[in-house]
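In: Have a look at this prediction, sequence included:
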Amino acid sequence: MCKINNAKSLTCELTANIPVNDKVFILHFIWDGPEPKAGQFFMIKPLRTSVFLARPISIAEYDGGQKTIKFLIARVGRGTEELSQMHIGEKAELTGPFGNTWAEFLPENGLAALIGGSVGVAPLTALVAEKPDYNFHFYAGVKNGFHEKLEESAFLGAGERAKKVIVTAEDGRNALGGLITSYLDRRENYDIILACGSTPMLKSVKALCGKTGVTCFISLESRMACGAGACLGCTVRTIKGNRRSCADGSIFDAREVLFDE
């Protein structure tokens, strides 16, 4: 369950806005509130904005020493477009952290496969940064490949520090060609699989884990209005009834989630 009582709303200064490619960018904000954990997210809204609702964005990395949070964001609409246009020194309202954490489900010792699709890699890179000594294999998939190694490195962030890293691109440009799920090494005796990405990708991961019997938890990418469970706008169908992605997740046991066919 999400511990929303720990959430706080602060006006935060932007310290970096780094383009990764023409669709994806990285924002760094100063954050002097409650310490966020990998898997959690914030509701972000620039002070200079034309949109009413904040946007839910998962943390990609938290630096407790510098008190900064890193977000990996894709431009998909007006709200994220405005975030991409923020200048260093501008401020945004950050409310959070919301949601449960990967660490709640991670075995104390073991081998974990992390599977991220597009900016779904962000909450998984946060986990690698949070637990640098854990035995992670990192699988990252994108639709369009990278133009150069520097672009790939910026996209992967802390994920590059995993014990094994596999990167795929559907168009095959400067990466292995095809879908990331086709490269999951079934010879590895994974204790758990953690995944975040598009619904089709998560459905494929769930199906693979169902066949192999590996425990799997997935972080759902849902539209949200409040982030605190009040509006019921991010309802998830599960075998236990309707749940709220923000207040009951956004990480769920894959076996419990009912995807629409």
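Out: Perfect, I can see it now. Numbering: from 1, shown residues only.
In: contacts, neighbours, all on C-alpha from now
Out: Noted.
In: Show me the helices in the stretch 151-261 of the chain, by range?
Out: When assigned using DSSP state H, counting those that start in this stretch, the helices of the stretch 151-261 of the chain occupy the ranges 199-212, 245-248.
In: got the CA positions of the first one in CSV?
Out: Once non-C-alpha atoms are left out, helix 199-212 reads as follows in CSV (Å, rounded to 0.1, in the frame of the first residue of the first chain):
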residue,chain,number,x,y,z
THR,A,199,0.8,-2.5,-21.4
PRO,A,200,1.7,-4.8,-24.3
MET,A,201,5.2,-5.3,-22.9
LEU,A,202,3.9,-6.0,-19.4
LYS,A,203,1.4,-8.5,-20.8
SER,A,204,4.3,-10.3,-22.5
VAL,A,205,6.4,-10.3,-19.3
LYS,A,206,3.4,-11.6,-17.3
ALA,A,207,2.9,-14.4,-19.8
LEU,A,208,6.6,-15.4,-19.8
CYS,A,209,6.7,-15.5,-16.0
GLY,A,210,3.5,-17.5,-15.9
LYS,A,211,5.2,-20.1,-18.0
THR,A,212,8.4,-20.2,-16.0
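In: How about the secondary structure of the nearest residue to residue 19 once chain neighbours are set aside?
Out: Spatial nearest neighbour of residue 19, chain neighbours left out: residue 25 (4.3 Å); criterion: C-alpha to C-alpha, 6 or more residues apart in numbering. Reduced to three states with DSSP: H, G, I helix; E, B strand; the rest coil, the structure at residue 25 is strand.
In: re earlier: need the winner for burial among the helices of the stretch 151-261 of the chain.
Out: Highest mean neighbour count of those: helix 245-248, a mean of 26 (counted as mean count of other C-alpha atoms under 10 Å).
In: okay, the longest strand along the chain in PDB with CA atoms only?
Out: Ranked by residue count under DSSP state E, the longest strand found in the chain is strand 8-19. What follows is the C-alpha trace of strand 8-19 in PDB, where atoms were taken according to Å, rounded to 0.1, in the frame of the first residue of the first chain:
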ATOM      1  CA  LYS A   8       4.900  16.600   0.800                       C
ATOM      2  CA  SER A   9       4.300  19.400  -1.700                       C
ATOM      3  CA  LEU A  10       7.300  21.700  -2.300                       C
ATOM      4  CA  THR A  11       8.200  24.400  -4.800                       C
ATOM      5  CA  CYS A  12      11.500  23.100  -6.300                       C
ATOM      6  CA  GLU A  13      14.200  24.600  -8.500                       C
ATOM      7  CA  LEU A  14      15.300  23.000 -11.700                       C
ATOM      8  CA  THR A  15      19.000  22.500 -11.800                       C
ATOM      9  CA  ALA A  16      19.400  20.600 -15.100                       C
ATOM     10  CA  ASN A  17      17.400  20.000 -18.300                       C
ATOM     11  CA  ILE A  18      19.200  17.500 -20.500                       C
ATOM     12  CA  PRO A  19      17.900  16.300 -23.900                       C
END
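In: got the buried residues for it?
Out: Of all the residues in strand 8-19, those buried under the rule 16 or more other C-alpha atoms under 10 Å are 10-17, 19.
In: With stretch 97-110 instead?
Out: Those buried within stretch 97-110 under the rule 16+ other C-alpha under 10 Å are 97-102, 105-106.
In: Also stretch 126-143?
Out: Within stretch 126-143, the residues that count as buried by 16+ other C-alpha under 10 Å are 126-130, 134-143.
In: ditto for stretch 141-159
Out: Within stretch 141-159, the residues scored as buried using 16+ other C-alpha under 10 Å are 141-146, 152, 154-159.
In: With respect to residue 34, which of those is nearest?
Out: Distances from the buried residues of stretch 141-159 to residue 34 were compared by C-alpha to C-alpha; the smallest belongs to residue 158, at 21.4 Å.
In: for the closest one, what are its contacts?
Out: Remark: with contacts taken as C-alpha atoms under 8 Å, 6 or more residues apart in numbering, residue 158 is in contact with 61, 125-126, 128-129.
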